[in-house]
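Novice: Here is my input; please provide its structure:
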Amino acid sequence: MERSSLMLEISRLSIRFHRLDRRLRQVHTETIHNLHLTVAAQEILAVVGSSGSGKSLLAHAILGILPSNAQVTGSIQFKGEELTPDRQRRIRGKEIALIPQSVAYLDPLMRVGEQVQQSVRQGDPENLRRKAFHKYNLAEYVAKWFPFQLSGGMARKILVSTATVSGAQLVIADEPTPGLDASAMVETWSRFRQLADDGCAVMLITHDIEAALTVADRIAVLYAGTVVEIALRSDFAGDGERLRHPYSKALWRALPSQQFRAIPGYQPLPDALPKGCVFAPRCSSATIECEEVQPEPRTLRGGEVRCLHAT
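Specialist: Numbering: from 1, shown residues only. Sure thing, here's the model as predicted:
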């Protein structure tokens with residue numbers, strides 16, 4: 001991938017939270033560790049992983065909306081320039097748009113039609129809002145409703161509409177489809193594909209690997225706060241033999257279509273991470289070296305992997 005096409009480039013990103021314990025002592029918990037990934041224009045990168053792996057924290061770090069007790073280190077670049085806190089404030093909702101996981105992001109005191117129209121940066125706001133409502137099968141009278149009058153699925157459609165009319169060059173969708181019926185879900189995923197084909201960079205954050213594979217170009221697998229593998233969509237096939245990391249293979253084989261072949265153990269909590277590879281305690285191929293050394297990302301067979309023994 002040529003650097004000139006990169007819309008988002010993240011390097012050595014770490015996120016640490018500070019808090020006081022019951023004895024008023026400072027406690028530091030690192031939830032994202034030395035994370036690397038890129039998203040290019042006209043590309044959909046799906047970030048997948050189980051609950052607690054850090055997917056939403058990654059989105060919030062890019063947008064600069066983490067809580068005040070968070071400390072972020074590393075580099076986040078958008079269109080080749082560092083995303084400083086000031087730049088994040090200036091382009092958030094304009095050049096970078098978020099489709100959040102929670103519908104609570106909608107303003108409870110503003111009619112939803114106005115909220116969608118306020119996101120328009122170029123063109124006629126009302127006309128673009130009408131087109132978005134038509135695409136997502138929202139009746140025109142819904143524009144006059146307040147968020148509390150919407151069903152969960154309707155609220156999701158409003159959030160997607162708000163992002164798609166904004167003209168943003170990077171769209172981050174954090175679990176965008178819960179509450180949508182099957183047809184609306186397919187339509188939503190196809191809209192992301194259209195956004196990418198039109199030149200936008202799209203990051204889809206989801207636990208639904210099978211749905212992501214219908215539209216994504218690459219898949220970043222997140223485990224315990226770090227990306228353990230970035231693979232092409234075509235690598236998720238068969239028995240997972242083209243995948244590189246043991247966790248990616250386990251995640252693929254645990255899907256319903258792969259007969260729910262789960263592995264023992266659980267993802268470690270952020271304050272109880274192993275010294276070496278984060279997956280070593282659950283990996284049947286782990287060695288003493290895996291327990292001591294944190295692997296760096298490396299290129300392998302057209303993808304990227306953090307595993308000392310991947311071949």
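
Novice: name the element the most centrally placed residue in the chain belongs to?
Specialist: Geometric centre of the chain, nearest residue: residue 205, 2.8 Å, by C-alpha atoms, centre = their mean. Taking DSSP states H and E as the criterion, residue 205 maps to strand 201-206.

Novice: tell me what that strand is packed against?
Specialist: Packing partners of strand 201-206 (3 or more C-beta pairs under 8 Å, 6 or more residues apart in numbering; DSSP states H and E): strand 6-20, strand 26-40, strand 44-48, helix 55-63, strand 170-174, helix 182-197. Glycine gets a C-beta too; all of them are placed from N, C-alpha and C.

Novice: Pull the residues that contact the last one.
Specialist: Spelled out, that is helix 182-197. 42-44, 135-137, 153, 156-157, 160, 164, 171, 173, 176-177, 180, 202, 204, 211, 214-215, 217 (C-beta atoms under 8 Å, 6 or more residues apart in numbering).

Novice: Separate out the buried members of the residues you listed.
Specialist: Neighbour counting with 16 or more other C-beta atoms under 10 Å marks 43-44, 135-136, 153, 156-157, 160, 164, 171, 173, 176-177, 180, 202, 204, 211, 215, 217 as buried within the contacts of helix 182-197.

Novice: buried sites along stretch 273-291?
Specialist: 273, 274, 276, 277, 278, 279, 280, 281, 282, 283, 286, 290.

Novice: Looks to me like the fifth one is in a strand.
Specialist: In other words, residue 278. No: if the criterion is DSSP: H, G, I helix; E, B strand; the rest coil, then residue 278 is coil and not within a strand.

Novice: what's the neighbour count on residue 190?
Specialist: If you count neighbours by other C-beta atoms under 10 Å, residue 190 ends up with 13.

Novice: brain fart, residue 102
Specialist: If you count neighbours by other C-beta under 10 Å, residue 102 ends up with 11.

Novice: Equivalent analysis for residue 298, please.
Specialist: 13.

Novice: Tell me the bridge partners for it.
Specialist: Note on residue 298: beta-bridge partners by DSSP bridges are residue 305.

Novice: ok, now which ones touch it?
Specialist: 304, 305, 306.

Novice: Ok, residue 74 next?
Specialist: 10, 11, 12, 13, 14, 34, 35.

Novice: Out of those, the closest to residue 60 would be?
Specialist: residue 13 (11.9 Å; C-beta to C-beta).

Novice: Do a quick rundown of the helices in the stretch 51-200 of the chain.
Specialist: Along the stretch 51-200 of the chain, the segments classed as helices by DSSP state H, counting those that start in this stretch run 55-63, 85-91, 112-118, 125-135, 152-164, 182-197.

Novice: What separation do you get for the closest residue to residue 263 other than its chain neighbours and residue 152?
Specialist: Excluding its sequence neighbours, the residue lying closest to residue 263 (C-beta to C-beta, 6 or more residues apart in numbering) is residue 250, at 4.7 Å. Distance of residue 250 to residue 152, given as C-beta to C-beta, to the nearest Å: 31 Å.

Novice: who's more crowded, those two?
Specialist: Each of residue 250 and residue 152 has its neighbours counted (other C-beta under 10 Å); residue 250 has more, 20 against 10.

Novice: Please could you give me each C-alpha atom of the worst-scoring helix or strand of the chain on mean pLDDT, formatted as CSV?
Specialist: Lowest on mean pLDDT, DSSP states H and E among the helices and strands of the chain sits helix 182-197, with a mean of 82. Presented in CSV, the C-alpha positions along helix 182-197 are these (Å, rounded to 0.1, in the frame of the first residue of the first chain):
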residue,chain,number,x,y,z
ALA,A,182,-31.7,-8.1,8.1
SER,A,183,-32.5,-6.0,5.0
ALA,A,184,-31.5,-2.7,6.7
MET,A,185,-28.3,-4.4,7.9
VAL,A,186,-27.4,-5.4,4.3
GLU,A,187,-28.2,-1.9,3.1
THR,A,188,-26.0,-0.3,5.8
TRP,A,189,-23.0,-2.5,5.0
SER,A,190,-23.5,-1.7,1.2
ARG,A,191,-23.5,2.0,2.0
PHE,A,192,-20.1,1.7,3.7
ARG,A,193,-18.9,-0.1,0.6
GLN,A,194,-20.2,2.7,-1.6
LEU,A,195,-18.6,5.3,0.6
ALA,A,196,-15.2,3.6,0.2
ASP,A,197,-15.7,3.2,-3.5
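
Novice: Fine by me, we can end here.
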